[in-house]
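A.B. asks: All I have is the shape, not the residue letters:
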DNA sequence: CTTGACATCCGAAACGTTTCGGGTTAGATT
DNA sequence: AATCTAACCCGAAACGTTTCGGATGTCAAG
């Protein structure tokens, strides 16, 4: 089907070597010859066979990324969509493609990493949503394969790799103190699953916020949820069933905050008046939500782009000025947190 | 770095051939031998070199997709996020990976297609957002490479390929008639750019709807916008500047509808009371918008999944029962279209 | 004892590219 | 006339895998 160097060589009367060198711009081939070869190549619709190149160990011009598929069918976390877009756009500008595998965390997921790394399909990997004792990081480390991470290790674990993360401990502290300042005293918290690396940071931030303002930490104001709307819905139901006097709920991502709002509204209560709600991420839907969602902003798209630049620097052997970046979170106040109460 | 068949062969005392055959499950190798070889392979952390396999012409277990990057930096169309998720989830279940390249339509984009197809990197392609006289379809046709399409050709062009599309002509007719039934007589329309294949279908549907109800088509009630929020915003401004008496605006996708709502609200008018708004797609944000958006639902995620199943059937040489699927659109009425007016 | 069948194994070629280490020629220099 | 240089070209090996077409040895049947 596709024309090869050999075809061009035969048609043009030169050797495969010369054809190869002509097409890749070496200067030891006559300019006329080169033109002729290029002409023949175009006529035949030649396109280099990439696997053959990669077999020779040349760059694949490809970045790999494994994204977690969720429970059932749906993996459209807004977070990953945005990250992926940032990564994709930046990669495209550097003439890199993306190899994507969506996998449920577990053995299959590790296999996907192995296929990409040891299978020689990518120059580097972008890793997201770190977990406690993350086996993916251990693997990439051991392989010595270039990689960058969105998010850092859980508190207490080593951070011996390049990453970009938002200081979500500070984020939750700010959010908690903000709600306390509005007059709230009983604030529920819906955390991510325990194995997510940032869960403890956010938990700590919440505790810090309470402590700063002299409030007692109540363990039963805190529940865990998957990171989806449904998890937020169920978490809020659980909190409000057991503690109807809560006046505010913080969900650790916007999707769960949206679920929380549904649960509150489903009970005939009004978000922002009866119960204040806040989220984390500032995904596009946060702005359009009704009422609009008070949240902590993470520049996800930009993080995606910067991760690519870091990764390419590593691949190219340049040394990067900053390899561990901790961004400061930004509070975005909208209607869902309601007015000051008394 | 990575162990090869040769390494395993040396370590185990068998030939490369036998190692290869043992690992790929041929039955002409002694079971004990196989166990031994598998053991050695695991000990060395063997992972097959994919490029070498692909060079031999074996399946790449990869589906390619080129997604359009928009104007400046941002390509996070909700539409593509959802489609990508559907494609990714279905592919994952069939043990396929995705090769993604984001490209601005044009020469670079075609080059990306060539790299994937002729460069032998994918078994098949998923193509989305068809354009008039789409060169990508022509190319894939000519190459005889398996592909499926989300969307069909513009009216009058041949549809000689497998696709899934929503009957958006019917969709716009339904939407238009619905607004007329609510009492609207002056309805603006914000179309996609002219070169998008479905633009004419939607334009025709709008005209049909008017005609059915005995209303005159007014060419200056119709403008074009890019498919982003900003385009909807600008389009609505233009319409309302020139025709302040419009009582309804249909935007041809939800993103533009959201922009339209901003424009209306920015003029101190109320969406659903002063001006009715409707969109197309039913992306998640439509439900959360304020007011919630009346729109035509497209099952984008499911389309993504079904496209993968069609594509894999083609790749495997099975014949598919249906290769050209036209889905019926569904009207979703929410607050943005307002009540009946008199 | 010969033959055939079976189980097990392997050598070598092939996929398409890049690159090392040359070779050939023509013209310039001695 | 011999030597050198520069310009241009090419053969062959290598990357890691799969697979075709045997090779070898063992054992049962004739």
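C.D. replies: The structure has been received and is ready for your questions. Every value quoted in this text rests on a predicted model; they were computed, and no experiment measured them.
A.B. asks: Return the backbone torsion pair for residue A:147.
C.D. replies: Here is the backbone geometry of residue A:147 (degrees, to the nearest 10): phi -160, psi 160.
A.B. asks: List the contacts of it.
C.D. replies: A:124, A:125, A:126, A:127, A:140, A:161, A:162, A:311 (CB atoms under 8 Å, 6 or more residues apart in numbering or on different chains). Backbone N, C-alpha and C define where each C-beta goes, glycine included.
A.B. asks: hang on, the second one packs against residue A:112?
C.D. replies: No. Because the distance of 10.4 Å does not satisfy CB atoms under 8 Å, residue A:125 is recorded as not touching residue A:112.
A.B. asks: So what does the residue of the stretch 101-250 of chain A found nearest DNA strand C look like in phi/psi?
C.D. replies: Using CB to the nearest atom of the strand, the closest approach of the stretch 101-250 of chain A to DNA strand C is made by residue A:120 at 12.6 Å. Backbone torsions for residue A:120, taken as degrees, to the nearest 10, come to phi 70, psi 40.
A.B. asks: Can you tell me how far it is from chain B?
C.D. replies: Relative to chain B, residue A:120 is positioned 5 Å away (CB to the nearest CB, to the nearest Å).
A.B. asks: before we move on, back to that, common neighbours of residue A:125 and residue A:112, please.
C.D. replies: With CB under 8 Å, 6+ apart as the test, residue A:125 and residue A:112 both reach residue A:66.
A.B. asks: that older thread, need the buried ones from the contacts of residue A:147 selected in PyMOL.
C.D. replies: For the buried members of those, the matching PyMOL selection, counting by 16 or more other CB atoms under 10 Å in any protein chain shown, is:
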select buried, chain A and resi 124+125+126+127+140+161+162+311
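A.B. asks: what would the contacts of residue A:147 look like in JSON lines with pLDDT and distance to DNA strand D?
C.D. replies: Output for the contacts of residue A:147, formatted as JSON lines (pLDDT from 0 to 100; distance: CB to the nearest atom of the strand, whole Å):
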{"residue": "A:124", "pLDDT": "97", "distance to DNA strand D": "19"}
{"residue": "A:125", "pLDDT": "98", "distance to DNA strand D": "20"}
{"residue": "A:126", "pLDDT": "98", "distance to DNA strand D": "25"}
{"residue": "A:127", "pLDDT": "97", "distance to DNA strand D": "25"}
{"residue": "A:140", "pLDDT": "95", "distance to DNA strand D": "20"}
{"residue": "A:161", "pLDDT": "96", "distance to DNA strand D": "26"}
{"residue": "A:162", "pLDDT": "97", "distance to DNA strand D": "27"}
{"residue": "A:311", "pLDDT": "97", "distance to DNA strand D": "23"}
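A.B. asks: now, which of the contacts of residue A:147 sits nearest residue A:149?
C.D. replies: Nearest to residue A:149 among the contacts of residue A:147: residue A:127, at 4.7 Å, using CB to CB.
A.B. asks: Paired strands for the stretch of helix or strand the closest one belongs to, with orientation please.
C.D. replies: Taking DSSP states H and E as the criterion, residue A:127 maps to strand A:124-128. In the sheet, strand A:124-128 lines up against strand A:62-68 (parallel), strand A:147-150 (parallel) (DSSP bridges).
A.B. asks: Determine which stretch of these is the most buried.
C.D. replies: Each of the strands paired with strand A:124-128 was scored by mean neighbour count; the highest is strand A:147-150, a mean of 27, by mean count of other CB atoms under 10 Å in any protein chain shown.
A.B. asks: so after that one, what's the next helix or strand?
C.D. replies: Taking DSSP H and E, what comes next after strand A:147-150 is strand A:163-166.
A.B. asks: Pull up the pairing partners for that following strand, direction included.
C.D. replies: By DSSP bridges, strand A:163-166 pairs with strand A:147-150 (parallel), strand A:324-327 (parallel).
A.B. asks: how about stretch A:24-41: buried residues?
C.D. replies: For stretch A:24-41, by 16+ other CB under 10 Å, it's A:29, A:33, A:34, A:37, A:38, A:40, A:41.
A.B. asks: near DNA strand C, which of the residues you listed show up?
C.D. replies: Among the buried residues of stretch A:24-41, no residue sits close to DNA strand C (CB under 7 Å from any atom of the strand).
A.B. asks: Let me know the closest of those residues to residue A:201.
C.D. replies: Checking the buried residues of stretch A:24-41 one by one against residue A:201 (CB to CB), the nearest turns out to be residue A:41, at 55.0 Å.
A.B. asks: burial measure for the closest residue in space to the closest one that isn't next to it in sequence, as a count.
C.D. replies: Of all residues not flanking residue A:41 in the chain, residue A:8 sits nearest, at 5.3 Å (CB to CB, 6 or more residues apart in numbering or on different chains). Using other CB atoms under 10 Å in any protein chain shown, residue A:8 has 25 neighbouring residues.
A.B. asks: so which helix or strand takes in residue A:8?
C.D. replies: helix A:5-12.
A.B. asks: does the helix or strand just after that helix come close to DNA strand C?
C.D. replies: Downstream of helix A:5-12, the next assigned helix or strand under DSSP H and E is helix A:16-23. Yes. Shown here: helix A:16-23 in contact with DNA strand C (CB under 7 Å from any atom of the strand) through A:16, A:17, A:20, A:21, A:23.
A.B. asks: Can helix A:16-23 be said to contact DNA strand D?
C.D. replies: Yes. Applying CB under 7 Å from any atom of the strand, one finds helix A:16-23 touching DNA strand D at A:16, A:17, A:18, A:21.
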